[in-house]
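Colleague: 3D model of this:
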Amino acid sequence: MNAFSQLVPDVDLFIKMHIRKEATTSSKIEGTKTNMEEALQSAEDIAPEKLDDWQEVQNYVEAVNTAIDELKRLPVSNRLILMLHKILMRGVRGEKKTPGEYRHSQNWIGGASISDALFVPPHHEHIADLMHDMELFVHNEYAHVPDLLKIGIIHYQFETIHPFLDGNGRIGRLLIAIYLVSKQKLFKPALYLSDFFEKNKSHYYNNLTVVREKNDLNQWLKFFLEGVRQTAQSSIDTFRKILQLKNEIETEKIISLGKKTQTAQQFLKILYSTPVINLNQAAKLLSVEKSSANRMIDDFERLNILHEISGFKRNRIFVFKDYLDLFSK
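Modeller: Just a heads-up that it's a prediction; the model follows:
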């Protein structure tokens, strides 16, 4: 997977899509209804009743991007975790649940109350010490544990401590990618396990429970490593299909536009990072008049690259469907 992330031209454009897919999937696990098409649209194109869910996904994207940037200055630490949590909770449902702070009250998982909960995390008075202990383990170079096993243990620790009133799942899943980037096991943040955890939700919770109740890490770590294997393979397949689609469009479709080929290639590059687009965005990103952008969009529609999805005569929205489908499946 690392080899593909270094060989693919303009890979950072495609990494943005991986991050958006992770943001959509990770937020979906917590109950949001935003899909990939909606996540890629501007706020003004989102129906008011869907705006809160849309914002949660945008916050997750910002948290991932902030994490990768901050790793240049900060190690994986409590300071970084709290910073990311504050971003995640900004202006959404969890904004009143002490964003950027560890919890000051008891929480629980499953059940209507603490008395019938499936799992009761540690008391809030112990959170600071437990998170400090986890941070020491993150940076313990004397514990000769391979990094993939180490982050599997760290993820278990974090989810068991459950240090926040809201957002624990998203931060816990995000920790996996940023730890592997910090250890240079990943050259690019292209490995996100949310999709695997979502598809195997009951096994995920059951395997965590086995560790808590029987003090047995083996089954959890086997499950975790299988998730890494499947997710890495999925990323490789996606990179391969991106290259195939890119070659097909550039050699069989865009070349037919003659004098407009160079501008069309520029527009195609824009679509790799903005695969859901409207006329105003296209004109702005191409630095051309709306009439010129409109003609380019018409050409891309005729070549079956773009598809109109809004059904409006004005303020139309277009999607680079074949490309988006690579991340949506």
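
Colleague: for Ser42, what are phi and psi?
Modeller: Dihedral pair for Ser42: phi -80, psi 160, per degrees, to the nearest 10.

Colleague: that one and Thr274 touch, don't they?
Modeller: No: counting by CB atoms under 8 Å, Ser42 sits too far from Thr274 to count as a contact (9.8 Å). Every residue, glycine included, has its C-beta placed from N, CA and C.

Colleague: quick check: neighbours shared by the two?
Modeller: Gln281 (CB atoms under 8 Å, 6 or more residues apart in numbering).

Colleague: who's more crowded, those two?
Modeller: Thr274 (18 against 14; other CB atoms under 10 Å).

Colleague: state the distance from the more buried one to Ala282.
Modeller: 9 Å (CB to CB, to the nearest Å).

Colleague: what of Asp298?
Modeller: The gap separating Asp298 from Ala282 is 11 Å, by CB to CB.

Colleague: strands of the stretch 1-150 of the chain, start to end?
Modeller: Secondary structure of the stretch 1-150 of the chain (DSSP state E, counting those that start in this stretch): no strands located.

Colleague: can you check the stretch 151-300 of the chain too?
Modeller: With DSSP E, counting those that start in this stretch as the criterion, the stretch 151-300 of the chain has strands spanning 276-278.

Colleague: related to what we said a few turns ago, higher neighbour count, Asp298 and Ala282?
Modeller: Ala282 (23 against 11).

Colleague: so what's the more buried one up against?
Modeller: Counted by CB under 8 Å, 6+ apart, Ala282 has contacts 267, 270, 293, 296-297.

Colleague: so, if you compare the residues you listed, which one comes nearest to Glu135?
Modeller: Nearest to Glu135 out of those is Ile270 (CB to CB; 40.8 Å).

Colleague: so that closest one makes contact with Leu286?
Modeller: Yes: assessed by CB under 8 Å, Ile270 is found in contact with Leu286 at 6.9 Å.

Colleague: out of those two, which sits in the busier spot?
Modeller: Ile270 (18 against 15).

Colleague: any idea how far the more buried one is from Lys28?
Modeller: In terms of CB to CB, Ile270 sits 27 Å off from Lys28.

Colleague: what about the closest residue in space to Asn278 that isn't next to it in sequence, distance to Leu306?
Modeller: Counting by CB to CB, 6 or more residues apart in numbering, Ile317 is the residue found nearest to Asn278 once chain neighbours are left out, at 5.3 Å. As defined by CB to CB, Ile317 lies at a distance of 10 Å from Leu306.

Colleague: what touches both of the two?
Modeller: Contacts common to Ile317 and Leu306, judged by CB under 8 Å, 6+ apart, are Ile277.

Colleague: the two: which has the busier surroundings?
Modeller: Taking neighbours as other CB under 10 Å, Ile317 and Leu306 compare with Leu306 leading, 24 against 20.
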